[in-house]
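**Student:** Quick one: sequence and predicted model below, then my questions.
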Amino acid sequence: MESLLKQFSDRSKVTLKLAHELSLGAGVNLISDHVLFIIIDKSEKYIEKILNNLGADVTNLQKQLSLSLSLLKKSQQENKIDKSITKLIDVARHLIIKNGDKVITQEILLLSLTCVNNPGQKLLLNEGVDFNKLQDEINRFRKGKKAMNETAESGFDTLNRFATNLTANALKGLLDPVIGRDEEIRRVIQVLSRRTKNNPVLIGEPGVGKTAILEGLAIRIAQDDVPEKLKDKEIFSLDLASILAGAKFRGDFEERLKSLLNEVEKKRDKIVLFIDELHSLVGAGGADGSLDASNIFKPALARGELHCVGATTFEEYRKYIEKDKALARRFQQVYINEPDIENSISMMRGLKEKYELFHGITISDKALLASVHLSSRYINDRFLPDKAIDLIDEAASRKRIEIDSKPDALDETDRRIIQLKIERKVLKKEKDQSSHDRLDKVEDELKELQLISEKETKNWKLSKKLIEDEQQRKVDLENARNELDIVKRDGDWERAGEISYQVIPNLERKITENETNADQINTIVSEQDVATVVSKWTGIPLEKMMEFERIKLINIKDELKKSIIGQDIVIDAISKTIIRSRAGLSDPTSPLGSFIFLGSTGVGKTETAKALAKFLFNDSESLIRIDMSEYMEKHSISRLIGAPPGYVGYDEGGVLTEAVIRRPYRVILFDEIEKAHLDVLNLLLQVMDDGRLTDSHGKTVDFTNTIIIMTSNMGSEYFESNLNFSEKNEKTKSVINKVMNVVKSKLSPEFINRLDEILFFSKLGKSHVADIVEIQLNSLKNRLLLNNYSIVWDDKVCDTIALKSYNPEYGARPIKREIRDVVEDKISELIINNNIKEGSVIMIEVVDNNIEVNLV
């Protein structure tokens, strides 16, 4: 085989080797059709384009070739090469001599195949590909270039191979509409129209629409809505990755890029080259002392031979472009800001139809509004309109999957049918009368459900078909409108009239007539669907946000009071702050709430934070607990926000900042805040005031969706056992003043001033302790249920445990110890000694003023 590969380009060699492997795998002789199949199956972009220009259906050609090759007879002799291969190579060698080439490239192989008498030749002819037409198309493609080395294909039609013509796509209606960026597009046009430094670079955060601005310019050029200087220009978007791909040998990349620049320079008055991710030029292709892409571009930019537009982010511009002054001075900066809410909504409305057509659903205007408002409120690490577009796209995708799936009612019916069939099979084996009676009932129910299932399935499939037909008509209508624009530009007024007065009205009439009202299938993306996607992204429970969340917040006091006993005034204050925040009346740049809980040990400060996290986020894991006794030193601040550059742990991030980045919706508990170093407290000042903190990497972390809770025992010596802060009298006022004096001595005035509430926890009374015992026993009951055990008790048990464990100095903490000693230890012994079985009931009772644990 190697002897045949002389004078072949690298890609042609690979093609012949793959064809040989294909024939060996099938156990047949290698024929020219194997080569044709590989050329088409593994075709380069330019080969496919040549065939498409001749009107060939490449997919159909591939299928027909595959069928033809499958009919070949098995070879008796292994590794045999058919004479058609020899003829193919002879023809190819003759053609390169005639053309003045030195190597056989893939397009020459394809041209040679039209001269070899095999089924493949006939298939090519059937697709309108003959020798003369193909040769003319290859000559047009090559533009006079010769294949002089083994990497010759790299230099052919590099512009179309490695760049996408955005203007051509705009003419075909393939680009999304660009709305609300008129000022930015106008600015780009102004820079492009300058005499010098006419290369704009769009700089903005990721997702604000930098690429879309160039697409908007391409659409304007297609519509002739640009100054004379830019009319007839074509915008090509460079794909740097495809230039790098396959550049195996030293110089391949440079040759491809230089060839592309030469093509652009020849048409400098017609072409604008768009380089998305401009920073990727720096270092691209540069290895072992060779030039990188940016250094290859610089001379062309300096001479003004290259009309170029770049796009990159602020961070990457500073990191890569700004450092290279020679490159930076060639470009004029155009800053692209994130659009505001109003403009983002307009953009979403402009894109609505494209996403409706793609997904085959309807997007409500409320869903568009929700996508912008919810993404702006809850997704703070990304930018509009990108995050709103992604929300709508995913919500529409979820809705489409729902449409393609069985309705829930039908699915339940079908599952019940399967269950009844299994039951019927078992009952048929039984002989007793009760089983026969049950079998009759099963048969009747099965028959009834099967009729329902058949009817519902038929209705569902019909509704689904109507939806699909409607979607297809909408696609046809969109295609007709695009075709109308094209024929108007081409001056084909006869076809334009036909589309305007026949095709479009007919399609619109059919869509109106056949609009489905399928009750079984909801095809509208609602604001609730968008809220569900936000919930999946962020972890905040927004699925029922619109109505359920309101009902939930109304009951916040009652729900928290179930877990927190004896602190009604604290719960009332927290509830008011949370409701005010959720209603949108609090400062949107601050955390949802900032509290400091003051009280003696065991009164429920930490438990309140846990209960609040579970209530708001349905997950106790949403609580970050930071013990401030670990942050008594000045250097410990780095543990919160990350170590400075050059120090150990720099790449790991901070305990606080990393937790909020990963999950922005949390309750953050700073335990024993008075023990923290002053610098740590100063760090928290900006969190409470501005709702943001900058970590060691320079990244701004958003805290506006967090609740900050600090606990402290400051002034606990003034809290008396019978003191209730819900009673406003001289005694409580005196205690509050004394405690606040202690707080002011420990915390700065600006720190205290930034707190939403300073809340005082009353000491627990005897009546409260019995309720806490009940809560703790219920918690134990839930743990035992996981092992299929259950426990029962009466009020006497709670009163007895409360009486024995009550200590006003230590609050609720002794209760856990008492329950552990008199209940949990005894149950543990029963389980370990295997005296208890699954499903057993354990009775906790009072006997002679002692707690007894027995099996029922």
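**Tutor:** Alright, I've got the coordinates.
**Student:** center of this structure, which residue is that?
**Tutor:** For the chain, the residue nearest the mean C-alpha position is Asp390 (6.9 Å; C-alpha atoms, centre = their mean).
**Student:** Regarding that residue, which helix or strand does it belong to?
**Tutor:** helix 386-404 (DSSP states H and E).
**Student:** and what of Ala409?
**Tutor:** Following DSSP H and E, one finds Ala409 within helix 408-427.
**Student:** for the helix or strand following that helix, what is the average pLDDT?
**Tutor:** Sequence-wise, the next helix or strand downstream of helix 408-427 (DSSP H and E) is helix 433-490. For helix 433-490, mean pLDDT rounds to 79.
**Student:** What of stretch 689-706?
**Tutor:** Computed over stretch 689-706, the average pLDDT equals 83.
**Student:** in the stretch 301-450 of the chain, which segments are predicted with low confidence?
**Tutor:** 408 (pLDDT under 70).
**Student:** same question, the stretch 701-850 of the chain
**Tutor:** For the stretch 701-850 of the chain, the stretches flagged by pLDDT under 70 are 720-729, 808-809, 811.
**Student:** For it, just list every one of the strands.
**Tutor:** Remark: strands assigned in the stretch 701-850 of the chain by DSSP state E, counting those that start in this stretch are 707-712, 757-760, 790-792, 841-847, 850-855.
**Student:** Which elements pack onto the second one?
**Tutor:** Where contact means 3 or more C-beta pairs under 8 Å, 6 or more residues apart in numbering; DSSP states H and E, strand 757-760 is packed against helix 568-582, strand 593-598, helix 730-746. C-betas here are computed from N, CA, C, even on glycine.
**Student:** Tell me which of these sits most buried.
**Tutor:** strand 593-598 (a mean of 24; mean count of other C-beta atoms under 10 Å).
**Student:** For that one, list the C-alpha coordinates in PDB.
**Tutor:** Taking C-alpha atoms only, strand 593-598 is exported to PDB below (Å, rounded to 0.1, in the frame of the first residue of the first chain):
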ATOM      1  CA  GLY A 593     -31.800  40.500  57.100                       C
ATOM      2  CA  SER A 594     -28.900  41.200  59.600                       C
ATOM      3  CA  PHE A 595     -29.600  40.200  63.300                       C
ATOM      4  CA  ILE A 596     -27.700  39.800  66.500                       C
ATOM      5  CA  PHE A 597     -29.200  37.400  69.000                       C
ATOM      6  CA  LEU A 598     -28.300  38.100  72.600                       C
END
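**Student:** Quick check: Gln135 touching Leu110?
**Tutor:** No: in this structure, Gln135 is not within contact of Leu110 by C-beta atoms under 8 Å, at 10.4 Å.
**Student:** ok, the two, which is more surrounded?
**Tutor:** Here Gln135 and Leu110 are compared on neighbour count by other C-beta atoms under 10 Å; more neighbours surround Leu110, at 23 against 16.
**Student:** my read: the more buried one touches Phe37, true?
**Tutor:** No: with contact defined as C-beta under 8 Å, Leu110 does not count as touching Phe37 (11.8 Å).
**Student:** Specify the beta-bridge partners of Ile271.
**Tutor:** Bridge pairing for Ile271 (DSSP bridges) gives the partners Glu234.
**Student:** Phi and psi next, for Thr164.
**Tutor:** Main-chain torsions, Thr164, degrees, to the nearest 10: phi -110, psi 130.
**Student:** Over to Leu30?
**Tutor:** According to degrees, to the nearest 10, Leu30 has phi -80, psi 120.
**Student:** Please export the C-alpha coordinates of stretch 746-765 as CSV.
**Tutor:** C-alpha atoms of stretch 746-765 as CSV (Å, rounded to 0.1, in the frame of the first residue of the first chain):
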residue,chain,number,x,y,z
LYS,A,746,-17.4,45.3,72.4
LEU,A,747,-18.8,46.4,69.1
SER,A,748,-18.3,49.7,67.2
PRO,A,749,-21.2,52.1,66.7
GLU,A,750,-21.1,51.7,62.9
PHE,A,751,-21.3,47.9,63.3
ILE,A,752,-24.4,48.2,65.6
ASN,A,753,-26.0,50.7,63.3
ARG,A,754,-25.9,48.3,60.3
LEU,A,755,-27.9,45.6,62.1
ASP,A,756,-31.6,45.3,61.2
GLU,A,757,-32.5,44.1,64.7
ILE,A,758,-30.8,43.4,68.1
LEU,A,759,-32.9,40.7,69.6
PHE,A,760,-33.0,39.6,73.2
PHE,A,761,-33.8,36.0,74.1
SER,A,762,-35.7,35.4,77.4
LYS,A,763,-34.6,32.7,79.7
LEU,A,764,-36.8,29.6,79.5
GLY,A,765,-39.5,29.0,82.2
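**Student:** mind listing what's buried in that stretch?
**Tutor:** Along stretch 746-765, these residues count as buried under the neighbour rule (16 or more other C-beta atoms under 10 Å): 746-747, 751, 754-756, 758-764.
**Student:** Could you export those as CSV, including distance to Leu202?
**Tutor:** Below are the buried residues of stretch 746-765 laid out as CSV (distance: C-beta to C-beta, whole Å):
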residue, distance to Leu202
Lys746, 51
Leu747, 47
Phe751, 43
Arg754, 39
Leu755, 44
Asp756, 42
Ile758, 49
Leu759, 50
Phe760, 56
Phe761, 55
Ser762, 60
Lys763, 63
Leu764, 63
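**Student:** Which two of those residues have the greatest separation?
**Tutor:** Maximum pairwise distance in these, criterion C-beta to C-beta, is 29.9 Å, between Arg754 and Leu764.
**Student:** and the closest residue to Leu830 other than its chain neighbours, how many residues sit next to it?
**Tutor:** Among residues not flanking Leu830 along the chain, Ile836 sits closest, at 4.5 Å (C-beta to C-beta, 6 or more residues apart in numbering). Neighbours of Ile836 under the rule other C-beta under 10 Å: 18.
**Student:** how near is Ile836 to Asn788?
**Tutor:** 10 Å (C-beta to C-beta, to the nearest Å).
**Student:** same check, this time on Arg415
**Tutor:** Arg415 is 26 Å from Asn788, by C-beta to C-beta.
**Student:** likewise Pro588?
**Tutor:** Distance, Pro588 to Asn788, using C-beta to C-beta: 49 Å.
**Student:** about what we covered before: tell me who's in contact with the residue nearest to Leu830.
**Tutor:** By C-beta atoms under 8 Å, 6 or more residues apart in numbering, the contact list for Ile836 reads Tyr789, Ile827, Leu830, Ile842, Leu855.
**Student:** Just give me the closest of those residues to Ala218.
**Tutor:** Nearest member of these to Ala218, counting by C-beta to C-beta, is Tyr789, at 70.0 Å.
**Student:** Excluding chain neighbours, what is closest to that closest one?
**Tutor:** Ser840 (5.8 Å).
**Student:** Same question for Tyr320.
**Tutor:** His279 (3.9 Å).
**Student:** can you map out the helices along the stretch 201-350 of the chain?
**Tutor:** Secondary structure of the stretch 201-350 of the chain by DSSP state H, counting those that start in this stretch: the helices cover 210-222, 240-244, 252-266, 293-303, 314-316, 325-328, 341-359.
**Student:** Deepest in the core, which of those is it.
**Tutor:** The most buried one of the helices of the stretch 201-350 of the chain (mean count of other C-beta under 10 Å) is helix 210-222, showing a mean of 23.
**Student:** now that one and helix 433-490, what's the angle there?
**Tutor:** 50 degrees (axes from the mean of the first three to the mean of the last three C-alpha atoms, to 10 degrees).
**Student:** Which other helices and strands does helix 210-222 contact?
**Tutor:** helix 166-171, helix 182-192, strand 200-203, strand 234-238, strand 271-276, strand 308-312.
**Student:** Go again with 10 Å.
**Tutor:** In this structure, helix 210-222 packs against helix 166-171, helix 182-192, strand 200-203, strand 234-238, strand 271-276, strand 308-312, helix 433-490, with contacts taken as 3 or more C-beta pairs under 10 Å, 6 or more residues apart in numbering; DSSP states H and E.
**Student:** and of the ones you listed, who's closest to Arg580?
**Tutor:** helix 182-192 (37.6 Å).
**Student:** mind showing which ranges of the stretch 501-650 of the chain have poor pLDDT?
**Tutor:** For the stretch 501-650 of the chain (pLDDT under 70), the answer is 511, 513-522, 540-552, 583-584, 618-621, 649-650.
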